[in-house]
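Undergrad: Predicted model and sequence below, questions to follow.
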Amino acid sequence: MRRFITTLAAILLTFGVLFPQNIHAEKAIDEKLGVPIVVYGANLSEAEKETMKKSLGVDQEAEVEEIMVDGSDLVKYIKNGNSQARMYSSAKITRQDAGKGLVISIVTEENITEVTADMYANAMLTAGIEDAIVEVAAPKKVSGHSALVGIYKAYEVTGETLDTERTDVANDELNLATKFAKDSGIEQEQVTTLLTEIKKQIAEQNPATKEEVERIVKEQLSKLNIELNEADRQLLIDLMDRIRNLDIDFTKFSDQLNDMASKIKDKIGDIDPGFWEKVKQFFADLFESIQSWFK
């Protein structure tokens, strides 16, 4: 019996080390950057809104500011937007200190069907949004496009002002990215890489004409072995020429683009590569120990 109790205590202690309990420590309010902003799509039912609160971890924050986004916001940030559009995507935005970059996570990946975290990040940089943790969620299957409008609105609630020309271009960038992934048979990761690399070259080379932008686009398509039809290639050239003409600090923009891939990580950090081996060994030892009880 003593041996059994000793073994059981060791097992419980090991579980405590490997699988610590999720203790909810109340987060402190950041008095410099402000509380997280949670934005809900205006067409959510009350039940769906409660689901979004859980998905976005609202109850784990010391305090949040909650707002709604609807069709009137869509037309504010996007030219020729549909004011009657139905909005379901929701998001939580937490400002970070300058230089921290963007960390994007889609917490309901099964429900955001067209937009990836990297696509959001790329569009947000174009729009002028930097240094934030952004979590996106939806209660049902949606494309995910309206979440970007909610992010814009939430960002401005923190006291920033966004250039509507940049937000409009960013929205067109997101639409083009999802179009390429959906209609042209290009992997989503390839689309993101293509857009990022073209923008990096624009930032570094500072092209003076649309013809120079066209050259950069063609070079990157060739480099990444991506084929687009003539119409889609022209859409991409037109978009990148619009980005060239935006009021952007391209020196800073280039740095942000270089850092983007490494900054988009799981908010809880990297898992020790040897963690799962430790777990596997633990259960092997546990099984062996249990067997010994009956010998």
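TA: Arrived safely. Numbering: from 1, shown residues only.

Undergrad: can you give me the helices in the stretch 51-200 of the chain?
TA: Secondary structure of the stretch 51-200 of the chain, counting by DSSP state H, counting those that start in this stretch: helices at 71-77, 117-127, 146-157, 164-183, 188-205.

Undergrad: got a markdown table for the ones you listed, with distance to P139, mean neighbour count and mean pLDDT too?
TA: Placement of C-beta: from N, CA and C, glycine included. Below are those laid out as a markdown table (distance: least, Cβ to Cβ, whole Å; neighbours: other Cβ atoms under 10 Å; pLDDT from 0 to 100):
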| stretch | distance to P139 | mean neighbour count | mean pLDDT |
| --- | --- | --- | --- |
| helix 71-77 | 19 | 19 | 88 |
| helix 117-127 | 18 | 24 | 91 |
| helix 146-157 | 12 | 25 | 89 |
| helix 164-183 | 20 | 20 | 91 |
| helix 188-205 | 22 | 20 | 91 |
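
Undergrad: Could I get the ones you listed in TSV, plus columns for distance to K252?
TA: TSV is the format used below for the helices of the stretch 51-200 of the chain (distance: least, Cβ to Cβ, whole Å):
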stretch	distance to K252
helix 71-77	22
helix 117-127	10
helix 146-157	17
helix 164-183	14
helix 188-205	9
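
Undergrad: ok, now how distant is S105 from I112?
TA: Going from S105 to I112 by Cβ to Cβ, to the nearest Å gives 11 Å.

Undergrad: any shared contact partners between those two?
TA: Residues touching both S105 and I112 (Cβ atoms under 8 Å, 6 or more residues apart in numbering): V136.

Undergrad: Please say which of these two ends up with more neighbours.
TA: For S105 versus I112, the count of surrounding residues by other Cβ atoms under 10 Å is larger for I112: 22 against 18.

Undergrad: which stretches of the protein aren't confidently modelled?
TA: For the chain, the stretches with pLDDT under 70 are 1-27, 251, 254-255, 258-295.

Undergrad: ok, V213 touching D241?
TA: Yes - here V213 lies in contact with D241, judged by Cβ atoms under 8 Å, at a distance of 4.7 Å.

Undergrad: the more surrounded of the two?
TA: Between V213 and D241, V213 has the larger neighbour count (other Cβ under 10 Å), namely 25 against 18.

Undergrad: Which of the helices or strands spans that one?
TA: helix 210-223 (DSSP states H and E).

Undergrad: And that helix, what does it pack against?
TA: If you count contacts as 3 or more Cβ pairs under 8 Å, 6 or more residues apart in numbering; DSSP states H and E, helix 210-223 packs onto helix 188-205, helix 230-244.

Undergrad: Tell me which of those sits nearest to T161.
TA: Checking these against T161 by Cβ to Cβ gives helix 230-244 as the closest, at 19.6 Å.

Undergrad: coming back round to it: could you dump the helices and strands packed on helix 210-223 into TSV and include distance to V39?
TA: Compiled in TSV, the helices and strands packed on helix 210-223 are given as follows (distance: least, Cβ to Cβ, whole Å):
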stretch	distance to V39
helix 188-205	24
helix 230-244	26
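
Undergrad: Which among those helices is found nearest to N171?
TA: helix 230-244 (10.8 Å).

Undergrad: Just want the angle from the closest one to helix 164-183.
TA: Here helix 230-244 runs at an angle of 150 degrees relative to helix 164-183 (axes from the mean of the first three to the mean of the last three Cα atoms, to 10 degrees).

Undergrad: now what about helix 230-244, what contacts it?
TA: Outside helix 230-244, the residues within contact range by Cβ under 8 Å, 6+ apart are 126, 169, 172-173, 176, 179-180, 184, 198-199, 202, 207, 210, 213-214, 216-218, 221, 228.

Undergrad: Run through the strands of the stretch 1-150 of the chain in chain order.
TA: Using DSSP state E, counting those that start in this stretch, the strands of the stretch 1-150 of the chain run over 37-41, 65-69, 90-95, 102-106, 132-137.

Undergrad: Excluding chain neighbours, give the residue nearest to K200 in space.
TA: L257 (4.8 Å; Cβ to Cβ, 6 or more residues apart in numbering).

Undergrad: I should have written N229 there, sorry.
TA: Per Cβ to Cβ, 6+ apart, closest to N229 is S184, 7.6 Å.
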